[in-house]
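> Next comes the sequence, and after it the predicted model I'd like to discuss.
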Amino acid sequence: MTDDIFEIEIKRISPNRRIVYSEESIEEIGQILRHGELEPVLIRFDYDSFRIVDGEKRFRACKRLGMTTIRAVIVA
């Protein structure tokens, strides 16, 4: 079974504030993303927005790069 991949507006996704990453690690991911996003993030619906399940650094890097959407798989 393959998961459907959606283009979700970044502004509809809430970060996981409990996870802390160094600025350098987010910048490294950003360098990779400049050449094309590799893997969709996993998100779950949380009332009126989405919450990151997996892919926090990719999400933060995309946001920092000014992207307006991100590829995501919605999980239960």
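Yep, it's here.

> worst-scoring helix or strand of the protein, pLDDT-wise?
Sorting the helices and strands of the chain by mean pLDDT, DSSP states H and E puts helix 23-33 at the bottom, at a mean of 73.

> okay, that helix in CSV with CA atoms only?
Output of helix 23-33 as CSV, limited to C-alpha atoms (Å, rounded to 0.1, in the frame of the first residue of the first chain):
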residue,chain,number,x,y,z
GLU,A,23,20.7,26.0,13.6
GLU,A,24,23.5,24.2,11.7
SER,A,25,21.5,21.0,11.3
ILE,A,26,18.5,22.9,10.0
GLU,A,27,20.8,24.8,7.6
GLU,A,28,22.3,21.5,6.3
ILE,A,29,18.8,20.2,5.5
GLY,A,30,18.0,23.6,3.8
GLN,A,31,21.0,23.1,1.6
ILE,A,32,19.7,19.7,0.5
LEU,A,33,16.2,21.1,0.0
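
> pLDDT averaged over the next helix or strand after that helix, what's the number?
Downstream of helix 23-33, the next assigned helix or strand under DSSP states H and E is strand 41-46. Mean pLDDT, strand 41-46: 91.

> between the next helix or strand after strand 41-46 and strand 41-46, what angle do the directions make?
As assigned by DSSP H and E, the chain's next helix or strand after strand 41-46 is strand 49-54. If you take axes from the mean of the first three to the mean of the last three CA atoms, to 10 degrees, strand 49-54 sits at 140 degrees to strand 41-46.

> Buried residues, strand 49-54. List them.
Using 16 or more other CB atoms under 10 Å as the test for burial, strand 49-54 gives 50, 52. To be clear about C-beta, it is placed using only N, CA and C from the backbone, and glycine gets the same treatment.

> State the three-state secondary structure for the residue nearest the centre of the chain.
With distances taken as CA atoms, centre = their mean, the residue of the chain nearest its centroid is residue 59 (2.8 Å). Put simply, residue 59 is helix when judged by DSSP: H, G, I helix; E, B strand; the rest coil.
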